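Chemist: Curious how this folds, go ahead:
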Amino acid sequence: MDRLSRRNVLMAGGTLGALGALGAAAPAQARAPWTWSPRGSVAGAGAGEDPRWVWDEEADPLVASLLDRGDVPKVNELLRTWTKNGQPLPAGLPADLRDFMEKARQLPSWADKGKLATAVEFNEKRGLYLGVLYGLASGMMSTVIPKEARAVYYSKGGADMKDRISKTAKLGYDIGSRNAYQPDGEMIVTCVKTRLVHAAVRHLLPQSPHWADVADEEIPISQRDMMVTWHSLPTTVMQKLTAWKVPIPAAESAAFLHSWQLGAHLLGIKNEYIPASWDEANSQAEQVLDPVLAPTPEGIKLADILLNLGSEVDGGIVSKHALGAFTRFILGDRIAEWLEIPRELIWDSLLKTAWGPFIAVREGLLPLPHAPKAYWTFDEFLRKAALLFLSEARPISIEIPQANRPS
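Modeler: Numbering: from 1, shown residues only. Model (predicted):
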């Protein structure tokens, strides 16, 4: 049975046979049983199926059909005009895609407007920390998540990492904006378009001989893979903020989590896999994220590209040496060594001695009148400057790919 036929078997539900076939050759940590209970999810219940064998049953066959029947160029052209959450879908979309998107763009019944308003307060105060952590904790951590690193490297996005990173950065920017989930915001649009991209990658990447030669899976971006990536974002960010002793009110902490729970839902992650609390998130991360971190040749190359691109922002004010030192400071020596990031005696020492006091001073000034808004204005300037650089001052358009990375 060829690779694409096996993919169809899996998608049709033959997961038990595939699990047995792959299990014998899989490393021990990959064979670890799924034990996280859906009772700890936002759904509060579920089948408890291992998300390693669950993908996106709605988006995957739809996008595969769009690719096979040649509709993607037209769809991409039309969707370039769809940029705001409350905006009607463009006329002329295929009927099956329109029906899917109308459903996919809806917030779930458990969305809480009050928590989203509180999340805005949190983002206003901690935008600088979030920008640093999204880039140098979450972004660099993605390069030591083997499945993610390989999927990025061998898909079309791997051929133009500046463009690929700009689209990832847009998601981080949109979720942190004041109107993220409001009609005039863009987070819902970004999530739905990203969901379509993921479905296309699941269809295309198994056709890449380069990916197939190194991958230990038949289909990329399972629900488990998506949760691994999700934990590299909000869970890792909150763990670092806690370690830095940033005083975050409980309501703001819960609101930040809620904004990311909604993001997970809109990206197509099943509610039964989305943690309902930080305790549940940390518990799940211990099972799905921590054990899989490891270096790969693809990840090392991607990390170097990320550090080089980051050092070009704002005309190179921040050097690759500083970004490498910050990565080591945030993610630790083990990951830095995996990524072949050299030690920087000056920067390493400076961060160890100065970062804590810097946070203390910044937090100490926060109660002053107008301080949150001043922080927000400064942080927003930095975030927009980074996006402008990555996008080369062009609109960032998340589009369905039609091919893998050229060989």
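Chemist: C-alpha from now on. contacts and neighbour counts both.
Modeler: Fine.
Chemist: Thought residue 340 was touching residue 295, still the case?
Modeler: No. Counting by CA atoms under 8 Å, residue 295 stays clear of residue 340, with 9.7 Å between them.
Chemist: check contacts around residue 140.
Modeler: The neighbours of residue 140, taking CA atoms under 8 Å, 6 or more residues apart in numbering as the test, are 303, 306, 327.
Chemist: Next step: those restricted to helices.
Modeler: 303, 306, 327 (DSSP state H).
Chemist: that older thread, give me the buried subset of the contacts of residue 140.
Modeler: Neighbour-count burial (16 or more other CA atoms under 10 Å) applied to these gives 303, 306, 327.
Chemist: Point out the least confident member of those residues, please.
Modeler: By pLDDT, residue 306 ranks lowest within the buried ones among the contacts of residue 140, coming in at 87.
Chemist: Next one: it from residue 160, what distance?
Modeler: Remark: distance between residue 306 and residue 160 (CA to CA, to the nearest Å) = 11 Å.
Chemist: thinking again about what came up before, distance to residue 47 added to the buried ones among the contacts of residue 140, as a markdown table?
Modeler: Shown next, in a markdown table, are those (distance: CA to CA, whole Å):
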| residue | distance to residue 47 |
| --- | --- |
| 303 | 37 |
| 306 | 39 |
| 327 | 38 |
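Chemist: Out of the residues you listed, the closest to residue 82 would be?
Modeler: Closest to residue 82 out of the buried ones among the contacts of residue 140 is residue 306 (28.8 Å), distances taken as CA to CA.
Chemist: Please enumerate residues in contact with stretch 45-60?
Modeler: 10-11, 15, 33-34, 36-39, 100, 195-196, 199-200, 202-203, 221-225, 268-269, 272-273.
Chemist: first vs last residue of that stretch, how far apart are they?
Modeler: Terminal-residue distance, stretch 45-60 (CA to CA): 24 Å.
Chemist: do stretch 204-221 as well
Modeler: Note: stretch 204-221 ends 12 Å apart using CA to CA.
Chemist: So for that stretch, what gets flagged as buried?
Modeler: Neighbour-count burial for stretch 204-221, counted by 16+ other CA under 10 Å, picks out 204-206, 208, 210-212, 215-221.
Chemist: Adding distance to residue 118, write those residues out as CSV.
Modeler: Shown next, in CSV, are the buried residues of stretch 204-221 (distance: CA to CA, whole Å):
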residue, distance to residue 118
204, 40
205, 40
206, 42
208, 44
210, 45
211, 42
212, 45
215, 41
216, 42
217, 40
218, 41
219, 38
220, 35
221, 31
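Chemist: Which of these fall in helices?
Modeler: 204, 210, 211, 212.
Chemist: What sits closest to the last one if chain neighbours are left out?
Modeler: Across the structure, with CA to CA, 6 or more residues apart in numbering as the measure, the residue nearest residue 212 apart from its sequence neighbours is residue 206 (6.3 Å).
Chemist: pLDDT at the one you found, what is it?
Modeler: 96.
Chemist: That one is in contact with residue 217, isn't it?
Modeler: No. The criterion here is CA under 8 Å, and residue 206 misses it with residue 217 at 9.1 Å.
Chemist: Which SSE is immediately downstream of the worst-scoring helix or strand of the chain on mean pLDDT?
Modeler: Of all helical and strand segments in the chain, the minimum by mean pLDDT, DSSP states H and E falls on helix 15-23, at a mean of 32. The helix or strand immediately downstream of helix 15-23 is helix 59-68, counting by DSSP states H and E.
Chemist: Can you list the buried residues in that following helix?
Modeler: Applying 16+ other CA under 10 Å to helix 59-68 flags 59, 60, 62, 63, 64, 65, 66, 67 as buried.
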